[in-house]
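Predicted model and sequence below, questions to follow.
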Amino acid sequence: MTALTNTELPPLLENGTRPPGFFARVADIWAYRDLLGNLVRRELKVKYKNSVLGFVWTLLNPLLYLVIFTVVFSVILNNPTPRYGLLLLSALLAFNLFSVGLTAATTSITANGPLVQKVWFPREILPLAAIGANLITFFFQMTILVVGLVIFRQPPEWSMLWLLPPALVLTLLIGAGLGLMLSALNVYFRDVQHFLELGLLTWFWLTPVVYPFHLVAVALNGRFGDGAERLAMLNPMIPIIITFQRVLYNPTNFNAPDQQEQFTEMIHRSNLWYVENLGISALFALIFVWGGYKVFSRLEGNLGEEL
Amino acid sequence: MFTSSGGGAVSQAPSQDGRRRADPSSTVAIEVSNISKRFRKHSEPAKTLKERVLTLRQSTVSEFHALRDVDFNVNVGETFGILGHNGSGKSTLLKCIAGTIRPSAGVIRVRGRLSALLELGAGFHPDLTGRENIFLNGSILGFSKEHIESIFDEIVDFSGLEEFIDTQVKHYSSGMYARLGFAVAVNLEPDVLLIDEVLAVGDEAFQRKCIERVRGFQAAGRTICLVTHAPDMVRFLCDRAVVLDHGSLIHVGDVNDAVTIYRRSLAAQGHEVPADDQDMLDKIATSGPTSPVRLVRTWVEPPAGGVAHRPGDRVVIGVEYEAEPGMTVRARMAVHTHDGVQMANVSTYDIAGADLKADRHLNQARIIIEDIPFMDGHYLVTMVLQQPDETREYDRSDQAATFDVNSGGPVLGRVALRFGLETGPTDAVTVLS
């Protein structure tokens, strides 16, 4: 055991208090990145521990979606959208990253009650780890979509590929901001997690994942005049979802007029239009992250005893 | 009664101008400044919004002081005990130091990295293997992956769980669980180690290992804060101690005084004074400084019937000690009441006119009190082993054993006297006792 000498004594610091300010807090979380990594690993390992197929289950879910929606929509319902399963998946995976991540983040502190009560560490690590674990899941599930695109020889829009990283980051920021807020509130009011379930269901159907964005744009433009499709961006997930659809599904792969029609909105918009929309999302993301930080730092002190 | 003076009797209270009595030779590792903790007592905590709203207007919330104005310092390199009965606020205090709950008033400052052994394996996930949990637990305590890797073998070695390290910990026994938890917390070498009633787990060999490790920790000049309701643990390990009673400090400082005050406070409240942990005493004896004579254990032979002796019973107090064969040893025994009155103090020489002669390595002797004249009470036995000329104390154990006397009769007092009663002019005599 190494002995301590007086020269290497660390300073006397007030305990349980966090460094003031947003960036100091980010630095604090960075200092605990090993814990963040370990918690993410724990979430993933524990999820499929003792199951024979293990991580394969993560892949079966999107695969099933791909098959079912292709069969039901394209074959049974005779939906004109070509390769509907791929369109759905390119949006659904991103939305699931947001919604499943947010759900896991919201219950992360209550679920880790014993830990929170006994050991001090930056509590925001828990909701962040929940989202981190879902990010890893997202990447794995993406391979199904990529394989699907390869099999059907449906290339993405290479020239717009660079829009995906910012869209992904925004998804994470929105999820993290709301997750911070709700995870702390859920300790005080367990209603939060039940409310969230309904909230996310509503949010899902208000986002063009299952139906094309074109219908939303037509409805808004019809009612409020040209350019009103921007109003849809008040749902900060819409810019993200349509970016994923535009880039990955890439509707320009289909040339027949009846196929093109429902993608008019997406195809004829410039890169700038997408960037502007993502900008609106970014604004929301900032508000959520800042709000999450405020709410969390207000409530974190009493989490240990309220649990 | 001593304890009724409440929170005022603190020997290390801040001086009038609010400044702390500073000791220039020592550096503070944990500074607990006038902290109080109030809990709101709900009849049942409102956990849903509806309940919150419904109970909003009725102010049925009462406040409960778990800690009142607690103030002390722990110095770097010190092993500090926090003694208190159940519900005295000692766990709340430890949680405040660990930072998991915030005091309602006051400030706690800690120097350096703190590792809390609040409950062994608190950060363990049952579905993960021992190996995975070591890394998880280490990072929860704030240590980097590299640091944990560098001491991984040491941790595994210390825990003695080499064979099971890749087994999910849900298959561990509670003892194995505890061993792994202790191994992680102690081998990470935090600057400050908080220990909450955890040394009592595991088998004897592991306990000994833990104690050794704690000794190593002490030798390395690290700070330990030990929370317990077992006074012997404090006497055995700690340099200084505080005693908590209903959220207030009733003593800060000397360990032996702390134990006495703690026992008095328990007795004053009618709590059962914990019997001494024999295992602990074994360790005190065997791990003590090298002395030619070591006290192994002291005991009071149980009464023939029931749990308490009756006045007039024969009480046998045994002592077991290790010595070089051929040595002479004098054992001195004192009996105190729970409130500190010395009822007897006698040496084996006083009784037998000769000292004890050790004829083998492990020896026993029994001091017999015929017709014990004590009335109802809880009595504490202290045993001291001395050189026959009483110039050197080999080993001692304060309040090493206890016994109770219960008269079962209506007579009050400390001494069981034989009473008689005469009436009239020396006619008849009635003996009552």
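Here it is on my side, so go on.

can the helix or strand harbouring residue B:151 be found next to chain A?
Per DSSP states H and E: residue B:151 is located in helix B:145-159. Yes - using CB under 8 Å from any CB of the partner chain, helix B:145-159 reaches chain A at residue B:145. Quick note: C-beta positions are derived from backbone N, CA and C, even for glycine.

Go through that helix and flag the buried ones.
B:148, B:151, B:152, B:155, B:156, B:158, B:159 (16 or more other CB atoms under 10 Å in any protein chain shown).

That helix: what's the following helix or strand?
helix B:174-187.

what helices or strands is the next helix or strand after that next one leaning on?
Per DSSP H and E, helix B:174-187 leads on to strand B:192-196 as the next helix or strand towards the C-terminus. Applying 3 or more CB pairs under 8 Å, 6 or more residues apart in numbering or on different chains; DSSP states H and E, one finds that strand B:192-196 contacts helix B:90-98, strand B:114-117, strand B:223-228.

Residue A:59 against residue A:146, yeah?
No - under the criterion of CB atoms under 8 Å, residue A:59 makes no contact with residue A:146, lying 11.7 Å away.

Turn the buried residues of helix B:145-159 into JSON lines, columns for pLDDT.
Formatted as JSON lines, these follow (pLDDT from 0 to 100):
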{"residue": "B:148", "pLDDT": "91"}
{"residue": "B:151", "pLDDT": "91"}
{"residue": "B:152", "pLDDT": "93"}
{"residue": "B:155", "pLDDT": "90"}
{"residue": "B:156", "pLDDT": "92"}
{"residue": "B:158", "pLDDT": "87"}
{"residue": "B:159", "pLDDT": "86"}
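
Identify, from these, the entry nearest to residue B:252.
Proximity of the buried residues of helix B:145-159 to residue B:252 (CB to CB) peaks at residue B:158, which lies at 33.3 Å.

how many other residues sit next to the residue nearest to that closest one when sequence neighbours are not counted?
Excluding its sequence neighbours, the residue lying closest to residue B:158 (CB to CB, 6 or more residues apart in numbering or on different chains) is residue B:183, at 4.3 Å. Residue B:183: 27 surrounding residues under other CB atoms under 10 Å in any protein chain shown.

Could I get the buried residue list for stretch A:255-270?
Buried residues in stretch A:255-270 (16+ other CB under 10 Å): A:262, A:263, A:265, A:266, A:269.

now do stretch B:174-188
B:176-188.

Poorly predicted segments of the chain, please.
Answering for chain A, as no chain was given. A:1-9, A:16-17 (pLDDT under 70).

try chain B instead
Ranges of chain B meeting pLDDT under 70: B:1-26, B:41-61, B:117-122, B:197-204, B:270-290, B:305, B:339-340, B:426-433.

Would you mind listing what in the stretch 201-350 of chain B touches chain A?
Looking at chain A, the residues of the stretch 201-350 of chain B close enough under CB under 8 Å from any CB are B:216, B:217, B:219, B:220, B:221, B:222.

List buried residues within the residues you listed.
For these, a burial check counting by 16+ other CB under 10 Å picks out B:217, B:221, B:222.

name the element the first one belongs to?
In other words, residue B:217. For residue B:217, the host element (DSSP H and E) is helix B:204-219.

Check which helices and strands that helix sits against.
Going by 3+ CB pairs under 8 Å, 6+ apart, helix B:204-219 lies up against helix B:174-187, strand B:223-228, helix B:231-237, helix B:278-287.

The second one: partners in the sheet, and parallel or antiparallel?
In its sheet, strand B:223-228 lies beside strand B:79-84 (parallel), strand B:192-196 (parallel), with partners assigned from DSSP bridges.

and those strands, which is most packed in?
Burial of the strands paired with strand B:223-228 is given as mean neighbour count (mean count of other CB atoms under 10 Å in any protein chain shown); strand B:79-84 ranks first at a mean of 28.

what's it in contact with?
With CB atoms under 8 Å, 6 or more residues apart in numbering or on different chains as the test, strand B:79-84 has contacts from B:30, B:74, B:90, B:93-94, B:214, B:218, B:223-229, B:231, B:233-234, B:237-245, B:255, B:258-259, B:262.

Let's see that with 6 Å instead.
With contacts defined as CB atoms under 6 Å, 6 or more residues apart in numbering or on different chains, strand B:79-84 is touched by B:74, B:90, B:218, B:224-227, B:234, B:237-244, B:258, B:262.

Which among the residues you listed count as buried?
B:74, B:90, B:218, B:224-227, B:234, B:237-238, B:240-244, B:258, B:262.

give me the element residue B:221 is part of.
Using DSSP H and E, no helix or strand contains residue B:221.

now it, nearest residue through space, not along the chain?
Closest to residue B:221 by CB to CB, 6+ apart is residue B:77, at 4.3 Å.

All set now, cheers.
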